[in-house]
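Enquirer: got a predicted model here, sequence first, then my questions.
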Amino acid sequence: MTVFRAALTALAALELPGLRANYDLTELPETLSSAQLPALLTLPGETPDGALSRPLFGNRAAGFEAQAFRGSAATVTLHPWHLLLLAPLGEGLGLRSHLPRLVDLLDAYLEAIAVDLTLGGRLLEPTQLEVEVGVFPYASVAYHGCRLRHTWKLALG
């Protein structure tokens, strides 16, 4: 298994109380039913699905970075995402009605990721995390939820 794939698998293994489904990259469903929500989806980065195609805050991955010191390892900076989806846009009384549940799940997520910020040593540096709350499309359906955008530095070779 490659270093990026191994780190994505470790990220997908996070367990959160109150979560009904946690999908690894190879298990992403074609659609989501209410029985699967709230769901956490692991994505390798930007996707072509609607609003997710734009990078968070206009950032782009740093790509391959050459090290300044001879003999040091080359690294790559990547931005995988977790997409936490709570409910379809038309369900409930808007985002406000879902905020208490969202905050509880975010607290659980932060506690789980804090246990191992390098995902078992797969990352060269502790993950950095940006959280964006809002409406996110998945499989042509808009959902209330949040995007958890990680910044990872991985060694090549």
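Expert: Right, received. Where do you want to start?
Enquirer: what about the helices in the protein?
Expert: 3-12, 95-114 (DSSP state H).
Enquirer: for the ones you listed, which one ends up most surrounded?
Expert: helix 3-12 (a mean of 18; mean count of other CB atoms under 10 Å). Yep, even glycine has a C-beta here, placed from its N, CA and C like the rest.
Enquirer: contacting residues around that one?
Expert: Helix 3-12 is contacted by residues 1, 22-25, 42, 44, 76, 78, 80, 82, 116, 119-120, 122-123, 150, 152, 154-156 when judged by CB atoms under 8 Å, 6 or more residues apart in numbering.
Enquirer: any chance of the helices of the chain in JSON lines, with mean pLDDT and distance to residue 130 too?
Expert: Shown next, in JSON lines, are the helices of the chain (pLDDT from 0 to 100; distance: least, CB to CB, whole Å):
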{"stretch": "helix 3-12", "mean pLDDT": "92", "distance to residue 130": "15"}
{"stretch": "helix 95-114", "mean pLDDT": "92", "distance to residue 130": "12"}
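Enquirer: any idea which of those gets closest to residue 137?
Expert: The closest approach between residue 137 and any of these, judged by CB to CB, belongs to helix 95-114 at 14.8 Å.
Enquirer: could you name the helices and strands sitting against the closest one?
Expert: With contacts taken as 3 or more CB pairs under 8 Å, 6 or more residues apart in numbering; DSSP states H and E, helix 95-114 sits against strand 81-88, strand 128-138, strand 141-156.
Enquirer: neighbouring strands of the first one in the sheet, and parallel or not?
Expert: In other words, strand 81-88. Each strand paired with strand 81-88, and its direction, by DSSP bridges: strand 39-43 (antiparallel), strand 141-156 (antiparallel).
Enquirer: buried stuff in the shortest one?
Expert: Right, strand 39-43. If you call a residue buried by 16 or more other CB atoms under 10 Å, then strand 39-43 has these buried ones: 39, 40, 41, 42, 43.
Enquirer: sorry, back to before: ok, and which of the strands paired with strand 81-88 has the densest surroundings?
Expert: Scoring the strands paired with strand 81-88 by mean count of other CB under 10 Å, the most buried comes out as strand 39-43, with a mean of 22.
Enquirer: got CSV for the strands paired with strand 81-88, with distance to residue 91 too?
Expert: Below are the strands paired with strand 81-88 laid out as CSV (distance: least, CB to CB, whole Å):
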stretch, distance to residue 91
strand 39-43, 14
strand 141-156, 8
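Enquirer: thanks again, I'm all set now.
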